[in-house]
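everything below, folded, please.
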Amino acid sequence: HKAFLRYHDPDNWPALRRALRRMGRCDLIGNGKLHLVPPRQPPRRHQVVPARTQAFATQHNGLAHTPPRRRPRKVR
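From the prediction side, this is the model:
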């Protein structure tokens, strides 16, 4: 099971606890050094939302088309 490979990820802990209980390995659920996962899920942390950034226009997402500049004529 992939969750066992990523036992350090809190998102996998509920599935790991269920699987360990089914396998009869409740000894691996706890807070000590010899345990894989804690007995309870920690509260979720809030995601840090970056400050609103200004989206810029490019030729691919709506930049107004401007014709290329003309070179000035050479005087003879």
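
any stretches of this protein with poor pLDDT?
Counting by pLDDT under 70, the chain has low-confidence residues at 1, 3, 46-55, 63, 65.

longest helix anywhere in it?
If each helix of the chain is counted by residues according to DSSP state H, the longest one is helix 13-22.

now residue 29. Its backbone dihedrals?
Backbone torsions for residue 29, taken as degrees, to the nearest 10, come to phi -100, psi 120.

contact partners for it?
Residues touching residue 29, when contacts are defined by CB atoms under 8 Å, 6 or more residues apart in numbering, comprise 17, 20, 21, 35, 36, 37, 38, 39. Where you see a C-beta, it was placed from the backbone N, CA and C, and this is true even at glycine.

check the gap between it and residue 75 for me.
Taking CB to CB, to the nearest Å as the measure, residue 29 falls 87 Å from residue 75.

most surrounded residue in the contacts of residue 29?
With neighbours taken as other CB atoms under 10 Å, the top of the contacts of residue 29 is residue 37, carrying 22 neighbours.

so that one makes contact with residue 28?
Yes - judged on CB atoms under 8 Å, residue 37 makes contact with residue 28 at a distance of 7.2 Å.
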